[in-house]
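Peer 1: Generate coordinates for the sequence data below:
(one chain, ligands or ions: 1)
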Amino acid sequence: MSREGDELGVSTVEDLRPVPVMLGGVRGGPDARTLRRDRWWGSPLVTAGFLSAFIVYSTWAVFQNSDYFVGASAHRDLISPFYSPCLTYSCGLAGGSGRGWLFIAWWTISPGILVLGGPLGFRLTCYYYRKAYYRSFWQSPPACAVADGHGSYSGETRFPLILQNIHRYFFFIALIFNVILTIDAVMAFRLPGDGGIGVSLGTVVLVINATLLWLYSASCHACRHMCGGNVKQFSKHPVRHRVWKFLTPLNARHMQFAWASLTFVAVADIYVRLVASGAFHDPKIF
Ligand code: FES
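Peer 2: Residues are numbered from 1 along each chain as shown. Got it, this is the predicted structure:
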């Protein structure tokens with residue numbers, strides 16, 4: 001067997017015989033969904049599993065309405081990213097009033113629900129996540145050179161998928177959240193009654209969380225286009241060129257930042273939740 005055949009996962013010369021191309025037909029011929037012999041289903045399966053786990057956990061966490069803040073009584077100032085900014089009276093009473101955000105009095109259910117829309121809209125319309133959930137949940141298509149799971153394909157030209165175009169506006173909303181979560185990370189250096197200012201494991205968790213969120217936003221395709229797109233001659237726009245050159249290598253790692261930041265938002269919530277519930281004390285590093 002040739003090296004090319006090995007890479008394609010075929011085992012006999014017959015497997016390499018040409019398959020007639022049928023416009024509008026099924027890839028691989030009428031009897032096969034695909035000619036691929038590798039484990040092409042692995043990536044969409046893992047993606048679907050991971051996204052499902054995150055959706056289940058984050059929904060549970062947002063509706064808990066408890067254990068999202070660690071305050072002065074525990075000598076810390078830590079808030080879960082799922083509940084920041086602190087927008088309701090109930091959140092202020094839980095200890096988040098030190099941040100001084102607008103408090104909505106009539107909202108008596110979980111304040112996390114108010115915060116959900118911005119980050120969710122940004123992730124949902126993200127170019128990378130669109131590819132991820134179109135492949136893993138909608139099978140459209142599940143992988144390269146594998147037949148689409150649907151009989152027809154209209155792309156993102158019709159409602160509701162045409163709304164994916166608002167991603168560039170969600171980018172600006174996400175920047176507001178990034179600033180707020182960065183303030184949270186700075187506030188986490190406050191250790192009231194435990195030396196005043198210092199670094200605990202919770203501080204490190206919130207700083208990593210904010211950093212990953214900035215990297216995810218800075219590597220956004222819409223961000224790169226807004227900074228360096230629509231330019232005919234970079235020589236006439238040296239500042240935009242410099243920003244574009246800075247963002248481009250980040251953009252190449254957008255998928256990694258997407259997964260790392262998503263995972264760490266959940267990690268940060270779990271950490272704050274465990275400390276707030278008294279499961280363990282947030283250790284001071286220095
Ligand atoms: S493309 Fe993913 S956040 Fe913009």
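Peer 1: what's around Pro123, how many residues?
Peer 2: Wrong residue type there; residue 123 is Arg, not Pro. The criterion is other CB atoms under 10 Å. On that basis, Arg123 has 22 neighbouring residues. Bear in mind the C-beta positions are built from the backbone N, C-alpha and C, glycine included.
Peer 1: I'd like to know how far the nearest residue to it once chain neighbours are set aside sits from the ligand.
Peer 2: Spatial nearest neighbour of Arg123, excluding adjacent residues (CB to CB, 6 or more residues apart in numbering): Tyr129 at 5.5 Å. Plainly put, Tyr129 is 7 Å away from the ligand if you go by CB to the nearest ligand atom, to the nearest Å.
Peer 1: What of Phe234?
Peer 2: 22 Å.
Peer 1: pretty sure that residue is touching Arg240, no?
Peer 2: Yes. Phe234 lies in contact with Arg240 (CB atoms under 8 Å); the separation is 7.4 Å.
Peer 1: which parts of the stretch 101-250 of the chain sit against the ligand?
Peer 2: 126-128, 167, 220-222 (CB under 6 Å from any ligand atom).
Peer 1: Look through the stretch 151-286 of the chain and state the residue closest to the ligand.
Peer 2: Using CB to the nearest ligand atom, Cys220 is the residue of the stretch 151-286 of the chain that sits closest to the ligand, at 3.1 Å.
Peer 1: Now do that residue, the pLDDT please.
Peer 2: Cys220 is assigned 98 on the pLDDT scale.
Peer 1: before we move on, the earlier item: between Phe234 and Arg240, which is the more surrounded one?
Peer 2: A count of neighbours by other CB under 10 Å puts Arg240 above the other of Phe234 and Arg240, at 16 against 13.
Peer 1: sorry, back to before: mind giving me the packing neighbours of the helix or strand harbouring the residue nearest to Arg123?
Peer 2: In this assignment (DSSP states H and E), Tyr129 forms part of helix 127-136. With contacts defined as 3 or more CB pairs under 8 Å, 6 or more residues apart in numbering; DSSP states H and E, helix 127-136 has these neighbours: helix 42-64, helix 221-228, helix 254-276.
Peer 1: that older thread, between Phe234 and Arg240, which contacts overlap?
Peer 2: Shared contacts of Phe234 and Arg240, defined by CB atoms under 8 Å, 6 or more residues apart in numbering, comprise Gly228.
Peer 1: This structure: strands as residue ranges?
Peer 2: Counting by DSSP state E, the chain has strands at residues 69-70, 78-79, 190-191, 196-197.
Peer 1: I'd like to know how many residues surround Leu45.
Peer 2: Counted by other CB under 10 Å, the residues lying close to Leu45 total 13.
Peer 1: per-residue confidence at it?
Peer 2: 97.
Peer 1: That one reaches Phe137, doesn't it?
Peer 2: No. With the criterion set as CB under 8 Å, Leu45 and Phe137 do not qualify as a contacting pair; they are 11.1 Å apart.
Peer 1: tell me which helix or strand of the protein sits lowest on mean pLDDT?
Peer 2: For the chain, using mean pLDDT, DSSP states H and E, the weakest element among its helices and strands is helix 3-8, scoring a mean of 47.
Peer 1: Output the below-cut-off pLDDT ranges for this protein.
Peer 2: Counting by pLDDT under 70, the chain contains low-confidence ranges at 1-31, 94-102.
Peer 1: Could you list the domains of it?
Peer 2: Recorded structural domains for the chain (assignment: automatic domain parsing) are 1-38, 39-276.
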